[in-house]
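Visitor: how would this look folded up:
(one chain, ligands or ions: 1)
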Amino acid sequence: MTTFGTRLEHAFNTFGQLCVGIDPHPDVLSDWGLPDDARGLRECGMRVVEASAGRAGIVKPQVACFERHGVAGLQVLAEVIAAAKSAGLLVIADAKRGDIGSTMEAYAEAWLNPQRDFGVDALTVSPFLGFATLQPAVQAAAQYEAGLFVLALTSNAEGQQVQLARDEDGQTVAGRIVRSVAASNAAAADQGKMGSIGLVVGATTAHLAEQNGIDLVAGSPPLLAPGYGAQGATAQSIRSGFGAAWGQVLVNSSRAILAAGPETHGLVSNIEQARTDLQ
Ligand SMILES: O=C(O)c1cc(=O)[nH]c(=O)n1[C@@H]1O[C@H](COP(=O)(O)O)[C@@H](O)[C@H]1O
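Guide: Numbering: from 1, shown residues only. This next block holds a predicted model:
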């Protein structure tokens, strides 16, 4: 095994910077002619995995879409994760977990230990109970050679009220999170490698980093950028928004890819189009 940052760099070099989002919303299932139940989730998830394998390096299942169907939905999530891993895809679980340290330890064990049902390559986490509460997850990531994506500057406009708030030193909340993540990646950065502790910076909001003096390059964190396609960001706006940090960016697209419908050729064509646009 190698660190998550190294596996991600390898995926970038092989397949480019696209992350295929697996978000089986009720509308998607209905458009695909599938029932809004565990069978529909399984069919949708497995088709996206099949279309992504060998064409994209990374998939990101949206846990909420599976959780919505209770135990049966979570069983399907475990199956989709296992199928994606055996197809050679890196899997980021988008569960946005965050709690006091002792509880965070349990979340980290559930999502980052590869022996567990939901063991994935990386997990999205929330630092809004204080960055230090994420420490057990940072430790688990090191132990299991997994990764984290810490919310910093999210793609939704409402996020800015909290994330761009300034403290008495004039520092933004997002800026502090970014600096804490950079410090967690210091060892990898010293070796010129991509870190395993990443940030979530929206494709739609990336330009706000530079405008607010936030340095996304320090510590080489991978940057998960949702917002491409369905939320309005384009390949061009993302490149200019991230500027010098573009090489670290993993661009997620969920609904825009799933809009192809259930046929493999349509999904493949949307994945390949997104990959080409992002090159
Ligand atoms: O953590 C995320 O992935 C995330 C963070 C963020 O700031 N904005 C955001 O849209 N997301 C997720 O990224 C996906 C975006 O989906 P589409 O807008 O359909 O491409 C959804 O699963 C969101 O929950």
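Visitor: This structure against the ligand: which residues are in contact?
Guide: Proximity of the chain to the ligand (CB under 6 Å from any ligand atom) is limited to residues 21, 23, 62, 94, 124, 154-155, 200, 202, 226-227, 229-231, 252-256. Any C-beta I mention is one placed from the backbone N, CA and C, and that applies to glycine too.
Visitor: again, only using 8 Å
Guide: 21, 23, 60, 62, 64-65, 92, 94, 96, 124, 149, 151, 153-156, 159, 200-202, 205, 224, 226-231, 252-258 (CB under 8 Å from any ligand atom).
Visitor: what's the neighbour count on Gln161?
Guide: One way to gauge burial is a neighbour count; for Gln161, by other CB atoms under 10 Å, it gives 8.
Visitor: That one falls within a helix, correct?
Guide: Yes: counting by DSSP: H, G, I helix; E, B strand; the rest coil, one finds Gln161 located in a helix.
Visitor: how deep is the residue nearest to Asp31 when sequence neighbours are not counted tucked in, by neighbour count?
Guide: Closest residue to Asp31 apart from its sequence neighbours, by CB to CB, 6 or more residues apart in numbering: Gly261 at 6.6 Å. Per other CB under 10 Å, the neighbour tally for Gly261 reads 14.
Visitor: gap between Gly261 and the ligand?
Guide: With distances taken as CB to the nearest ligand atom, to the nearest Å, Gly261 is found 15 Å from the ligand.
Visitor: contact partners of the worst-scoring helix or strand of the chain on mean pLDDT?
Guide: Among the helices and strands of the chain, helix 186-190 carries the lowest confidence by mean pLDDT, DSSP states H and E, at a mean of 91. Residues external to helix 186-190 that are found in contact with it (CB atoms under 8 Å, 6 or more residues apart in numbering): Thr3, Gly5, Ala182, Met194, Gly195, Ser196, Ala218, Gly219, Ser220.
Visitor: how about it: buried residues?
Guide: When neighbours are counted by 16 or more other CB atoms under 10 Å, the buried residues of helix 186-190 are found to be Ala188, Ala189.
Visitor: Which parts of the stretch 51-200 of the chain are strands?
Guide: Counting by DSSP state E, counting those that start in this stretch, the stretch 51-200 of the chain has strands at residues 58-61, 90-97, 122-125, 147-153, 197-201.
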